[in-house]
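*Asks:* dropping a prediction and its sequence here:
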Amino acid sequence: MIEGMLYVLSNHYQRYVLYFFYYAMNVYSAFCGIPFKSGVCSLHNITNNIFNTTFNVLFSGQKYRLEVGFQAMEHLINVLQTDRSDSEIIGYALDTLFNIVSNDLEEEEQDDLEEENPQKQVDDLGRQFTEIFIKQQENVTLLLTFLEEFDFQVRWPGVKLLTSLLKQQGPQVQQIILVSPMGVSRLMDLLADSREVIRNDGVLLLQQLTKSNAAIQKIVAFENAFERLLDIVTDEGNSDGGIVVEDCLLLLQNLLKNNNSNQNFFKEGSYIQRMKPWFEVGDDNSGWSAQKVTNLHLMLQLVRVLVSPTNPPGATSSCQKTMFHCGLLQQLCTILMATGVPADILTETINTVSEVIRGCQINQDYFASVNAPSNPPRSAIVVLLMSMVNERQPFVLRCAVLYCFQCFLYKNQKGQGEIVSTLLPSTIDATGNSVSAGQLLCGGLFSTDSLSNWCAAVALAHALQDNATLKEQLLRVQLATSIGNPPVSLLQQCTNILSQGDKIDRRGSKVQTRVGLLMLLCTWLSDCPIAVTHFLHNSANIPFLTGQIAENLGEEEQLVQGLCALLLGICIYYNDNSLENCRKEKLKQLIEKRIGKENFIEKLGFISKHELYSKAAQKPQPSFSSADHMMFDHEFTKLVKELEGIITKAIYKSSEEDKQEEEVKKTLEQHDNIVTHYKKVIREQDRQLEELKQKVNTLKSQNEQLQTAVTQQMSQIQQHKDQYNLLKVQLGKDNQHHSSHSDMLQMNGIQPEEISKLRQEIEELKNKHEVLQGQLREKDSVIENMKSLQSETGRTEQSSQITAGLEHANELHRELEALRIQIQSQSSDISKLQSEKQELLQQMNTASVPALGDSTAVIAAKNSELEGRLLQEIKELKSEVKALSEEKALLKQHLDSSNSTAAVLQDEKSKLQQEVSESKKEQDDLLVLLADQDQKIFALKNKLKELGQPVEDEDDIESGDQADEDEEEDGEEED
């Protein structure tokens, strides 16, 4: 029956239904249970029923999947190739292929097939059908062309079919799409479809397409995928959106995870800034939906993808700084300190903040300044450490807090110093009102909870990581163990707890506490000879370590033995031989006698061979399935890898080699000291150079300011000098008017010499004033003469000459035109006479001989007479033309000479005007100078009046002179 339906399917039923009508009726009757009766249905209805019944059987479910798949696959592909114009049959064919290939079972069918066909067989069946379909790459290319169709009935089944193919045979289908022209671009168009069903399934399709394929990920990213996906997330409501937001976030993770190119493109495209609104949560955080928790969890993971420690350091640092500047870190810290946030979201937020601040100084400084909204306010670091050492908190939350603390201290010497300073005696709060980070770490280190011991030990070890100064300062920490007993050092208390071992009743793994303390001691003593010396001062430490290493303990204790061997090796390698009983050679002899070198190296190798060591070495974040598996720290694994080989070599070295090594070390130390000294000198010189440069710049600016001030003062001094000189001259001129008042001036503090000088100056100024007035009058007369000369000569001679020349030239032009007219009239007369002559000659030739008779002689005489007259007139005309041309030449010469004289006159006129303007300018200058002198004279007179000297005004002087003249005239008249 299925073969019959496939026959119907493989032929164009609408065109050739008559050829298989009878066979199709039987098929229809068999499957529908309706006996075929002729005439019951029309041909059109029967054809539609056959079509629908056939495809209903083909994709009615998974029950006939195997039979339909193997028998119908080829025919369905043939339908796709031949019936592309029929969207309905193409849609049914794509849906059928999807049901054949897909492994997604409905619930009822899954229950029916649980016993008969396990899921593994179903998966294998889908993979086999997918291999059959993609065996011919043209089938996938054909499917990509159907995705360009806008018809929903074709596009949606095509999207589902391609998604199923990618699920079954992802790498093979990815490669086919990658080599197909515009293959990825066609799929990107699905995100722009206005129908949400196709758009959402397109997101699912791109999820499968971008899995583990960096090339396709780059193409999708550069096809503006980030912009479109972020727009969808925003339109759907960010974290409050539905499952579509979740799908978009999963696709974004596929594009960014372990893809440095896309991460850089995401950062440079300013898409990090668009992530900030995702984490804007309200004050009311109760009643979070499961979908919102999932969305926010994925959003936090997406932030971690951008700042993952496995990314290149440069890219991670750039993203961290961008997140700080755009306010994303601040938003995450708000969620961190908020109340009512679900536990899993809070845990993931702590992990996200950890990686955002890891190794970034500006972010670490900001995180150190964050305070929790409590009364009194507490630092976020203190609040988190309280959660870490609280055994009632969830295990994953405590691990997240430890990771956050580690990231805060990573490459942060400032933060390390702040943490260690809370342990030092000088900074401990005596009132006990506030709890510090150091107090919390010490409390966790010596609590009865083994996990708190381990976390506190690892956190304290990170505070000492790669910082020899803090290792030495931590030796000063003293602890009060009990009332009445003297305080002990932190180092001594750690070794005491370590040596007690099983004697203390603890909750959790006792091995975990000892491992944590040993890791702390190894980190503390490494590269710190002073700490090694303090550790060796306690005579019980070395016997305890050798006893632990020499014993044959169980598998759990082997890890403790390996760490004890590492600690003993550190005491040997970093020993400065300051203690006679614990020199390097004696410790190696002790190992050889009590343990054996080979046994010691074997126990040391237990660390790196441990399974938990390998897991911890993979990534910085502590991720453990349970608290019992929490044994190693990532940074400690680096230390073990560095020291294991060094300690092995140190154990096998002889005393002579040790001496040579010590000498080499001393030489290197001297070298280092010299280099350090020179570095300090260079730094000091650089600092001094910078200071000198700054001083030079300041001195330059001051010099410029002083120079400007000097120039201003010089100008002021020059002005004062000029004023002083003028006063001296004026006072010198007025000496003769003030001789009678010398005694009074002397009594007023004014010397007669100064008065005489002032009088002389005034006299000189008056003389200059008179001279200038005379010059001014001369200039005025010159200007008047020039004006009159300009008005008389310039207007008469020049204008008359120019007008005469122009009139003469116009007359010559008129005479020339008249002569031309006369010549033209005479030439017309000549042409008339010549024409008359020609007519007469013709008449003479045409007349008969007898008619002429004696008149020929008369005619000839007339002709000769006319020719003579014409020649005479022509001669006269030529002579007149010659005379006229000569006269014309003369007129031209006269015209040129008149033009030249006009140009010369014009130049003289301009020169005169220039002289007039210059003289006017000089006159104005003289007037200004006279006005200045009048003002100065007036000022000097006022000054003299103030000094008490009698000064006569010009009007008085002139009236006095006039009176003298009148008196003289009267005297003369009397004589």
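*Replies:* Ah, there it is.
*Asks:* drop to CA atoms for contacts and neighbour counts, all remaining ones
*Replies:* OK.
*Asks:* so which elements touch the strand or helix carrying residue 723?
*Replies:* Residue 723 belongs to helix 655-733 when assigned by DSSP states H and E. If you count contacts as 3 or more CA pairs under 8 Å, 6 or more residues apart in numbering; DSSP states H and E, helix 655-733 packs onto helix 752-789, helix 855-947.
*Asks:* report the mean per-residue pLDDT for the last one.
*Replies:* Mean pLDDT, taken over the full extent of helix 855-947, equals 72.
*Asks:* the first one too?
*Replies:* Throughout helix 752-789, pLDDT has a mean value of 66.
*Asks:* how about residue 374, secondary structure?
*Replies:* What DSSP: H, G, I helix; E, B strand; the rest coil gives for residue 374 is coil.
*Asks:* so how far is residue 352 from the residue positioned nearest the centre of the chain?
*Replies:* For the chain, the residue nearest the mean C-alpha position is residue 268 (7.2 Å; CA atoms, centre = their mean). Remark: distance between residue 268 and residue 352 (CA to CA, to the nearest Å) = 21 Å.
*Asks:* confidence score at the residue nearest to residue 273 when sequence neighbours are not counted?
*Replies:* If the residues on either side of it in the chain are set aside, residue 273 comes closest to residue 326, at 5.8 Å by CA to CA, 6 or more residues apart in numbering. Predicted confidence (pLDDT) for residue 326: 94.
*Asks:* let's see the pLDDT reported for residue 353.
*Replies:* 97.
*Asks:* neighbours of it, how many?
*Replies:* Using other CA atoms under 10 Å, residue 353 has 28 other residues around it.
*Asks:* what's the neighbour count on residue 496?
*Replies:* When neighbours are counted by other CA under 10 Å, residue 496 registers 13.
*Asks:* and it, what element?
*Replies:* Going by DSSP H and E, residue 496 is in helix 490-500.
*Asks:* that helix: what's the following helix or strand?
*Replies:* Criterion used, DSSP H and E; the element after helix 490-500 is helix 510-525.
*Asks:* that following helix packs against which elements?
*Replies:* So helix 510-525, by 3+ CA pairs under 8 Å, 6+ apart, packs with helix 450-464, helix 490-500, helix 529-537, helix 555-573, helix 634-652.
*Asks:* now, of those helices, which is deepest in the fold?
*Replies:* helix 450-464 (a mean of 27; mean count of other CA atoms under 10 Å).
*Asks:* go through the following helix or strand past that helix and flag the buried ones.
*Replies:* Sequence-wise, the next helix or strand downstream of helix 450-464 (DSSP H and E) is helix 468-474. Neighbour-count burial for helix 468-474, with 16 or more other CA atoms under 10 Å as criterion, is recorded at 468, 470-474.
*Asks:* any idea which element residue 443 lies in?
*Replies:* Using DSSP H and E, residue 443 falls within helix 437-445.
*Asks:* against which helices or strands is that helix packed?
*Replies:* Using 3+ CA pairs under 8 Å, 6+ apart, helix 437-445 sits against helix 380-388, helix 413-421, helix 450-464.
*Asks:* what does stretch 625-645 contact?
*Replies:* Contacts to stretch 625-645, defined as CA atoms under 8 Å, 6 or more residues apart in numbering, come from residues 395, 451, 454, 458, 508-509, 512, 515-516, 519, 523, 566, 570, 604-605, 608, 612-613, 616-622, 624.
*Asks:* where does pLDDT dip in the stretch 301-450 of the chain?
*Replies:* Counting by pLDDT under 70, the ranges of the stretch 301-450 of the chain that qualify are 426-433.
*Asks:* what segments of it are strands?
*Replies:* Counting by DSSP state E, counting those that start in this stretch, the stretch 301-450 of the chain has strands at residues 371-372, 378-379.
*Asks:* could you dump these into TSV with mean neighbour count and distance to residue 763 added?
*Replies:* Converted to TSV, the strands of the stretch 301-450 of the chain look like this (neighbours: other CA atoms under 10 Å; distance: least, CA to CA, whole Å):
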stretch	mean neighbour count	distance to residue 763
strand 371-372	18	89
strand 378-379	18	91
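*Asks:* tabulate those strands (TSV), appending distance to residue 223.
*Replies:* Converted to TSV, the strands of the stretch 301-450 of the chain look like this (distance: least, CA to CA, whole Å):
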stretch	distance to residue 223
strand 371-372	43
strand 378-379	45
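*Asks:* just to revisit the earlier point, quick check: mean pLDDT of the helix holding residue 496?
*Replies:* Mean predicted lDDT for helix 490-500 stands at 89.
*Asks:* what about stretch 614-632, distance to the chain center?
*Replies:* 38 Å (CA atoms, centre = their mean, to the nearest Å).
*Asks:* repeat for stretch 397-414
*Replies:* The answer for stretch 397-414 is 30 Å, by CA atoms, centre = their mean.
*Asks:* could you dump it to CSV, C-alpha only?
*Replies:* The C-alpha atoms that make up stretch 397-414 are tabulated as CSV, following Å, rounded to 0.1, in the frame of the first residue of the first chain:
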residue,chain,number,x,y,z
LEU,A,397,28.0,30.1,47.4
ARG,A,398,31.0,29.7,49.7
CYS,A,399,33.1,28.6,46.7
ALA,A,400,31.9,31.6,44.7
VAL,A,401,32.9,34.0,47.6
LEU,A,402,36.4,32.3,47.8
TYR,A,403,36.8,32.8,44.1
CYS,A,404,35.8,36.4,44.4
PHE,A,405,38.3,37.0,47.1
GLN,A,406,41.0,35.3,45.1
CYS,A,407,40.2,37.5,42.0
PHE,A,408,40.3,40.6,44.2
LEU,A,409,43.8,39.8,45.4
TYR,A,410,45.1,38.6,42.0
LYS,A,411,48.0,40.9,41.0
ASN,A,412,46.7,43.4,43.5
GLN,A,413,49.5,44.3,45.9
LYS,A,414,47.5,47.2,47.3
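*Asks:* what comes into contact with it?
*Replies:* Applying CA under 8 Å, 6+ apart, the external contacts of stretch 397-414 come out as 343, 346-348, 350-351, 353-355, 357-359, 361, 364, 367, 381, 384-385, 387-389, 415-416, 455, 459, 462-463, 467, 620-623.
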